[in-house]
Each structure stands twice: as C-alpha cells, then as structure tokens.
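>>> Pasting the sequence and the predicted model now:
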Amino acid sequence: MSAPTPGTTPGPQPVLPSPADVAVLVDDLHVRFGTVEAVTGVSFAAPGGASTALLGRNGAGKSTTMRVLAGVVPPTEGRVHVAGIDVARDPLGVKRAVGYCPDVGGLVPRATPWEHLQLAATLRRMTGWEDRATHLLELFELSGVAHRTTTGFSHGMGRRLSVLLAAFHEPDVLLLDEPFDGVDPTGVEATFDVVREATERGAAVLLSTHLRELAVEACSTALVLRGGARVADMETYDLKGEEGARAYRALLD
Ligand SMILES: Nc1ncnc2c1ncn2[C@@H]1O[C@H](COP(=O)(O)OP(=O)(O)OP(=O)(O)O)[C@@H](O)[C@H]1O
C-alpha cells in the first residue's frame, strides 16, 4: 500500500489483484443518489487476516462504501467482490457471507440481546452457539441486560450490541461502520478484541470511523476518503501521534 505525500493529489489508482486472491475487491466504485455522487471512483483491495480502516470526514463516502460491501446499496458503476461474491449479482449471498454493523439501526426494539443472538443463530443455522454468545455478552458487558428489550438501551449499549452481533457468526468479512460512536472505553476495548480475533482467524475487517487514534489502534492499514474519492492508502503507523495527526489533517484539507 502507498501513501501520497500529505496535501498532494493522490497517485494513480492501485493495481488490483484478482477477486479470488483477496477478501474484498473494489474496482472503480461509483455510487450516485440522484444528483449526489457519494462515491466517485474508489478502488482498493483488502486481504483476509488484516484490518483496514476507512477514514474521512462526515460525508466522505465511508458509510456508502460500507453499505455497498454489505450488499445493502448496489454500486452504480464499478466492480465489487466480497468474499468472492459479486455484490451486484448476488447481494443476498454477500449479506450471508459478511458480518455487518451498520452506522445506525439494525436492532429490533422489542427483542432482547439474547433473542437477537437466537434469531441470528437460527437464520444462519448455527449449532452450539450459546457459549460464544455468553462469552461475547460478557466481553461487551451486556450480560446484565441480556434479557432486557433493547427499547431502553442507551446509544452506546446499542452500538456495543450491533458490533457483537456482526462478529457473532465469525464471518470471513467483518464490516464495522462507526463502531466507536458513543461507546465507552470498555466497549472500545471489546471492539479491539473482536477485530483482533477476526484477523487472527483469517477474516478481513473493514472499520469505518472518523476517529484517527482509534483507527490506528484497531487497524493495520487505512484508506482515507475525501469527497467520495480515495486520497490515501497507507499503514496506520503513519497516522500515529502528532506527526500522524498533521499528515491526516493535510489529507482532509
Ligand atoms: N440515501 C442517500 N440519498 C442521498 N444522498 C445520500 C444518501 N446516502 C448518502 N448520501 C450522501 O452521500 C455522501 C456520502 O455520505 P456517507 O454517509 O457515505 O458519508 P460518511 O463518510 O459515512 O459520513 P459520516 O461520517 O457523516 O457518517 C453525503 O453527501 C451524503 O449526504
């Protein structure tokens, strides 16, 4: 991966591997909503066993890109393969293959966390899932509310449950959109654990956030978006500390 000098225009688009060789392949993705061009020709590849942060300001196109990867929003143009599946041809197959924590919503208000897990296990025909469910509820400190409906959950509790549900079935591609939004330090640490566990078993993790420091902690590489376009593709090491903060600001301005 390469990073352009901060403040300059990005270099040429990356040379992309074959979809069979990577967990996620995005080739010249465009997404338009009427006259709004949310994503304007983004290309990147994400391998299994690695975590990639999608960084950028509000409106940069992060969530739209994540929705395409989750099979929720179709690409207007471009080629997108997730876990070997073409999202335009088989969005349902993609939905089955990934674990997706959307930036908002996704929870059933009248269901408890345990019922969410039961439902996910049933839909995915999982057996022997109870120990993992119990472990994850403890990790995210949700054991005490496992049998309470999510209606009265705080924003942070809902976010923690959404991350937990995305990771529950150990997907080959884990998509976390703004997992740290409003989440306390315990939830942040639990999310780091889930990302580490996923990459250690060979999954690809894509994590969208505008929080540079947490992206550095959670991910090994970063894709920086601005105005729907890719402006850098770099090691998160280069975004560390004061120098990293300056480099990041230069990419956004
Ligand atoms: N369904 C939609 N209809 C119209 N415009 C949309 C829609 N979804 C996204 N957009 C527009 O596309 C652009 C990119 O939005 P997106 O949500 O992908 O950005 P983001 O980087 O995730 O921002 P944030 O950090 O605020 O979540 C914005 O201009 C947004 O208003």
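Received the coordinates, thanks.
>>> can you pull the contacts of Ala45?
14, 16-17, 22, 24-26 (Cβ atoms under 8 Å, 6 or more residues apart in numbering). Glycine gets a C-beta too; all of them are placed from N, C-alpha and C.
>>> Who are the packing partners of the longest helix belonging to the chain?
Ordering each helix of the chain by length in residues (DSSP state H) puts helix 185-200 first. Under the contact criterion of 3 or more Cβ pairs under 8 Å, 6 or more residues apart in numbering; DSSP states H and E, helix 185-200 touches strand 51-55, helix 130-139, helix 155-168, strand 173-177, strand 204-209, helix 212-218.
>>> Which members of the contacts of Ala45 are the farthest-apart pair?
Pro14 and Val24 (12.8 Å; Cβ to Cβ).
>>> Check the spacing between Val24 and the ligand real quick.
Between Val24 and the ligand the distance is 17 Å, computed by Cβ to the nearest ligand atom, to the nearest Å.
>>> Up against the ligand, what does the stretch 151-253 of the chain have?
His210 (Cβ under 6 Å from any ligand atom).
>>> Pick out the residue of the stretch 151-253 of the chain closest to the ligand.
Per Cβ to the nearest ligand atom, His210 is where the stretch 151-253 of the chain lies closest to the ligand, at 5.3 Å.
>>> contacting residues for that residue?
55-58, 62, 178.
>>> Dump the helices and strands packed on helix 185-200 into TSV; add mean pLDDT and distance to Gly99 as well.
Listed next are the helices and strands packed on helix 185-200 as TSV, based on pLDDT from 0 to 100; distance: least, Cβ to Cβ, whole Å:
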stretch	mean pLDDT	distance to Gly99
strand 51-55	97	13
helix 130-139	97	12
helix 155-168	96	4
strand 173-177	98	5
strand 204-209	97	9
helix 212-218	94	15
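>>> any chance of those in a markdown table, with mean neighbour count too?
Shown next, in a markdown table, are the helices and strands packed on helix 185-200 (neighbours: other Cβ atoms under 10 Å):
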| stretch | mean neighbour count |
| --- | --- |
| strand 51-55 | 27 |
| helix 130-139 | 16 |
| helix 155-168 | 23 |
| strand 173-177 | 27 |
| strand 204-209 | 27 |
| helix 212-218 | 20 |
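>>> Quick one, which of the ones you listed gets closest to Val73.
Between Val73 and the helices and strands packed on helix 185-200, the tightest spacing by Cβ to Cβ is seen for strand 173-177, at 12.0 Å.
>>> who does the closest one pair up with?
Paired strands of strand 173-177, with direction, are strand 98-101 (parallel), strand 204-209 (parallel) (DSSP bridges).
>>> With distance to Arg110 as new columns, can the helices and strands packed on helix 185-200 be given to me in CSV?
Output for those, formatted as CSV (distance: least, Cβ to Cβ, whole Å):
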stretch, distance to Arg110
strand 51-55, 32
helix 130-139, 19
helix 155-168, 14
strand 173-177, 24
strand 204-209, 28
helix 212-218, 32
